[in-house]
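# predicted model and sequence below, questions to follow.
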Amino acid sequence: MSGNAKAAPGKDVEAQKSAPNYGGVAPMPAPPLVVRKPKDSTLIVWVLGFLLFLGLGAAITMLIVGIDSDDDDSDDKTHELRGEIDEFDSDSDDFQPPPPSELVGIAASAASGINSVWEPYITLLLRVDFEAVRKDIRLLLTDSQDFWPADYGNYGPFFIHWAWHCSATYRVTDGRGGCEGGRVRFEPERSFGENANKDRAIYLLQPIKDKYGRGLSWGDLIILTANTALEMLGAPVLGFCAGRVDQIDAYHPTILTDRGQIPLADQPGVLPLLDPQVLGPLCTNAEGVNGTANPANTTEDIRITFALKGFNDEETVALVGGGHTFGKTHGACVDGGGDPPNINPANPWKGKCGTGIREDVYASGFEGPWTTHPIRWDNEYFQNLINFEWVAEEGQGGLTQWGVDSNVNNAIGPRAIKPFADLPPSINDTQPTMMLTTDIAFISDPSFKLLVEKFAHDMHAFNETFSNAWYKLTTQDMGYNRCLPTTNLNLFLPPPQEFQHPLPPVPEDPPTLFDTQAVINKTLYGLDDQIGWKPLLVTFAYNCAQTWRNTDHSGGCNGARIRFDPGKSWDSNAGVVDEGMTLLSPIKVQFGESLTWADLIVQTGTLIINNADPDQSNPLIPFCPGRADDTDGDDWEHLEPLVDGDFEDDLVGLKDYWLRSGLSFREMVALQGRMRSPDQQRAMGYAGS
């Protein structure tokens with residue numbers, strides 16, 4: 001109910017206040033559920049499909065539990081595997097989908113121009129006036145609220161750091177994390193130590209979210225707010241990619257946990273072998289490895305942390321320097337910030353330092369700004385690093401941070417006005433700038449130090465590197481060019497970037513599916529079946545497609561990157577790629593550039609499976625054309641299948657791998673019944689088919 005509306009006579013006022021606010025527009029009633037009686041032919045197809053699935057399931061089960069009968073403990077192994085299969089199937093049903101009312105979204109206000117709760121997200125997104133959203137954000141940034149007053153009178157640094165943390169969960173090894181989904185609102189991310197007090201950002205943005213409704217996702221709003229803040233404070237912004245889809249709960253991240261302060265050196269393996277149960281870290285331990293405040297020992301940890309997110313040294317220094325140009329750390333006292341939301345959801349991060357707000361905020365436990373102008377974009381952060389000698393000291397929050405060493409040339413370090421100081425300020429209204437151990441690490445490593453010096457003297461280089469790295473940080477979880485056109489914002493969408501691995505355009509005049517199918521049949525079906533070309537080409541198509549990751553929408557057969565290294569040389573592709581391309585080359589030559597390798601690989605595999613049912617008693621598998629061919633395989637660097645059928649594969653890893661594919665456990669088990677190539681199995685070191 002709007003704030004100006006009056007209660008109807010004879011009605012309970014409180015009841016009206018609690019009623020949903022539809023912006024003065026009555027919600028559209030749910031359409032009636034229509035159940036159609038299937039035609040006889042349709043029913044027959046359903047029954048046959050069900051029987052086929054049962055038969056396939058039985059065959060797969062026999063395949064899984066069929067252990068060498070010579071083993072004395074074969075019965076025990078069979079019983080153990082059957083138990084795991086039962087547990088596996090029951091686990092796949094743990095997540096119950098939300099009711100339809102949650103799937104279709106909520107009603108938006110009249111200001112958004114949305115009158116129906118049943119319209120799809122893409123329709124609602126295209127109606128959002130993003131320039132109006134930016135205007136509302138700019139008003140919010142300087143409208144300090146009593147429940148969470150803004151440092152220096154501007155929420156910009158607060159929202160920039162929140163978007164940084166929302167995006168920095170992304171990792172290239174399995175595509176998890178990132179700000180798409182707005183998962184920072186849910187556990188476990190909202191209770192990460194790095195996100196202390198960041199839940200206040202949700203309350204500040206809620207009015208804007210309510211105003212524009214479901215078309216403005218939380219993921220888009222978080223990133224757009226940070227971009228708007230960066231622009232307001234003078235920082236360069238490359239652009240904005242709209243189209244993030246919110247998740248309605250924390251189901252997907254429940255298999256992830258906070259790494260906490262465990263250094264990467266103590267984690268198993270290197271990047272591709274990181275524990276799939278661990279999300280993070282958002283940042284390297286700011287006190288250094290194991291809290292030792294040793295900058296020299298921290299540099300490698302920084303490199304691995306940011307390599308996990310897909311960044312090189314130059315991008316790393318620019319991102320950290322850009323983030324630390326703004327705002328301050330908060331460690332008002334040694335008593336801490338209170339319980340996180342997962343312990344005290346009713347009153348999280350209450351703070352144990354006085355009021356818990358204004359000067360009494362405790363977040364990271366460190367205290368102080370990095371620069372003398374915390375709400376102005378400049379390169380002072382880098383200048384301070386190289387112009388002063390820094391010494392470790394204990395901050396008022398009880399943690400080790402770094403201050404200017406006054407014993408060197410009687411130096412007086414730079415000072416900044418306190419966030420809530422009276423104007424004009426006195427010396428008591430200022431506080432010294434500080435650095436963290438991870439900041440000092442940049443001048444303790446020769447390569448990092450060269451970049452610090454570069455950005456300290458070249459503002460243009462800093463601007464360019466930061467704007468590109470920020471766009472990458474906030475966008476790479478979106479996958480292949482999934483940015484959507486938006487009202488009044490098209491000028492802010494940059495062209496596809498290198499990190500998005502854009503594909504060349506598809507052929508303008510591709511052959512018809514019937515023409516391609518005819519040539520495939522004519523070329524291949526005259527071959528001797530004894531050479532095993534059918535299962536080999538099905539395997540070729542499967543291996544090309546199975547790299548797809550639903551987590552960050554990357555991989556798959558679009559681009560046909562399986563033709564190049566590293567994918568071509570993976571163990572799982574032994575005996576597949578060269579042989580498959582040799583078989584398909586005559587077809588590709590006949591059609592030339594009008595037919596892409598990607599379409600040819602997938603269409604051939606699909607056609608072989610369909611032809612394997614000579615009576616056509618089952619529904620045909622459809623084929624969707626329109627793929628392009630890439631010119632290299634760089635995008636597949638982290639897409640090698642982690643599960644290849646070895647007995648060393650554990651159930652946790654298997655389930656985790658399948659979850660990333662976006663397919664259900666039932667679908668993945670069914671796919672294991674596909675044709676297998678004996679030649680390829682032998683090339684991988686196995687015997688038989």
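Yep, it's here. Numbering: from 1, shown residues only.
# can you give me the helices for the stretch 301-450 of the chain?
Counting by DSSP state H, counting those that start in this stretch, the stretch 301-450 of the chain forms helices over residues 313-325, 380-387, 437-440, 446-457, given from the N-terminal end onward.
# now the ones you listed as a markdown table including mean pLDDT?
Formatted as a markdown table, the entries for the helices of the stretch 301-450 of the chain read as follows, by pLDDT from 0 to 100:
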| stretch | mean pLDDT |
| --- | --- |
| helix 313-325 | 98 |
| helix 380-387 | 97 |
| helix 437-440 | 96 |
| helix 446-457 | 98 |
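# right, and those - which one's nearest Ser664?
In this view, the helices of the stretch 301-450 of the chain are compared for proximity to Ser664 by CB to CB, and helix 313-325 is the closest at 36.7 Å. In short, each C-beta sits where N, CA and C put it, glycine included.
# which neighbouring elements make contact with that closest one?
helix 156-167, helix 299-307, helix 380-387, helix 437-440, helix 446-457, helix 459-475 (3 or more CB pairs under 8 Å, 6 or more residues apart in numbering; DSSP states H and E).
# picking that back up, can you lay out the helices of the stretch 301-450 of the chain as JSON lines showing mean neighbour count and distance to Leu654?
Supplementary listing: the helices of the stretch 301-450 of the chain in JSON lines, determined by neighbours: other CB atoms under 10 Å; distance: least, CB to CB, whole Å:
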{"stretch": "helix 313-325", "mean neighbour count": "23", "distance to Leu654": "34"}
{"stretch": "helix 380-387", "mean neighbour count": "20", "distance to Leu654": "46"}
{"stretch": "helix 437-440", "mean neighbour count": "23", "distance to Leu654": "37"}
{"stretch": "helix 446-457", "mean neighbour count": "17", "distance to Leu654": "40"}
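# ok, which of the ones you listed comes nearest Thr298?
Among these, the nearest to Thr298 by CB to CB is helix 437-440 (5.9 Å).
# relative to the whole chain's centre, how far out is the closest one?
With CA atoms, centre = their mean, to the nearest Å as the basis, the distance from the averaged C-alpha position of helix 437-440 to the chain average is 27 Å.
# same check, this time on stretch 492-512
Put simply, stretch 492-512 sits 21 Å off its chain's centre (CA atoms, centre = their mean).
# quick one: end-to-end length of that stretch, please.
Here the two ends of stretch 492-512 are set 38 Å apart, with distance taken as CA to CA, to the nearest Å.
# next, count neighbours for the closest residue to Gln401 other than its chain neighbours.
Nearest-residue entry for Gln401: Gly395, 4.5 Å, with adjacent residues in sequence omitted and distances by CB to CB, 6 or more residues apart in numbering. Under the neighbour criterion other CB atoms under 10 Å, Gly395 is assigned a count of 20.
# next: the one 5 residues further on.
Residues near Thr400, counting by other CB under 10 Å, number 17.
# also Leu584?
That count, for Leu584 with other CB under 10 Å as the rule, works out to 20.
# now do it against Phe448, distance only.
Leu584 sits at a distance of 48 Å from Phe448 (criterion: CB to CB, to the nearest Å).
# could you pull out the strands for the stretch 301-450 of the chain?
Listed in chain order, the strands of the stretch 301-450 of the chain (DSSP state E, counting those that start in this stretch) span residues 328-329, 368-369, 390-394, 400-404, 415-417, 430-432.
# for those, state which one has the densest average packing.
strand 368-369 (a mean of 26; mean count of other CB atoms under 10 Å).
# now the helices of the stretch 301-450 of the chain as TSV including distance to Thr512?
Converted to TSV, those look like this (distance: least, CB to CB, whole Å):
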stretch	distance to Thr512
helix 313-325	45
helix 380-387	59
helix 437-440	58
helix 446-457	54
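# distance of the closest residue to Val361 other than its chain neighbours from Leu399?
Nearest residue to Val361 in three dimensions, chain neighbours excluded: His330, at 4.2 Å (CB to CB, 6+ apart). Between His330 and Leu399 the distance, using CB to CB, works out to 11 Å.
# who's more crowded, these two?
His330 (23 against 20).
# pLDDT at that one, what is it?
Confidence per residue is given as pLDDT, and for His330 that number is 94.
# over to the one 4 residues further on?
If you check Val334, the pLDDT there is 92.
# just Thr298 next, same as before
Model confidence at Thr298, given as pLDDT, is 91.
# circling back: make JSON lines out of the strands of the stretch 301-450 of the chain and add distance to Lys534.
Formatted as JSON lines, the strands of the stretch 301-450 of the chain follow (distance: least, CB to CB, whole Å):
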{"stretch": "strand 328-329", "distance to Lys534": "63"}
{"stretch": "strand 368-369", "distance to Lys534": "67"}
{"stretch": "strand 390-394", "distance to Lys534": "68"}
{"stretch": "strand 400-404", "distance to Lys534": "65"}
{"stretch": "strand 415-417", "distance to Lys534": "71"}
{"stretch": "strand 430-432", "distance to Lys534": "74"}
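# quick one: closest of the ones you listed to His553.
His553 lies closest to strand 328-329 among the strands of the stretch 301-450 of the chain, at 34.8 Å (CB to CB).
# now do the closest one: which elements does it pack against?
If contacts are counted by 3+ CB pairs under 8 Å, 6+ apart, strand 328-329 sits against strand 368-369.
# name every strand pairing with the strand it packs on and say which way it goes.
Pairing partners of strand 368-369, with direction, according to DSSP bridges: strand 328-329 (antiparallel).
# how far is the partner strand from where the chain is centred?
Using CA atoms, centre = their mean, the offset of strand 328-329 from its chain centre is 26 Å.
# how about stretch 392-403?
Averaging C-alpha positions (CA atoms, centre = their mean) puts stretch 392-403 34 Å from its chain's average.
# stretch 340-358 now?
A distance of 28 Å separates the centroid of the chain from that of stretch 340-358, by CA atoms, centre = their mean.
# report the rounded mean pLDDT for that stretch.
If you average the pLDDT values across stretch 340-358, you get 90.
# so where's the chain uncertain?
Residues of the chain meeting the criterion pLDDT under 70: 1-118, 249-282, 481, 487-491, 529-531, 642-653, 679-681, 683-689.
# Ala168 and Gly310 touch, don't they?
No: assessed by CB atoms under 8 Å, Ala168 is found out of contact with Gly310, at 10.9 Å.
# between the two, which is the more surrounded one?
Set side by side, Ala168 and Gly310 show more neighbours around Ala168, with 25 against 17, by other CB under 10 Å.
# TSV for the helices and strands packed on helix 313-325, including distance to Thr516?
Rendered in TSV, the data for the helices and strands packed on helix 313-325 read as follows (distance: least, CB to CB, whole Å):
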stretch	distance to Thr516
helix 156-167	42
helix 299-307	42
helix 380-387	57
helix 437-440	55
helix 446-457	51
helix 459-475	35
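# which one, of those, ends up nearest to Asp528?
Shortest distance between Asp528 and the helices and strands packed on helix 313-325, using CB to CB, is found for helix 299-307: 48.8 Å.
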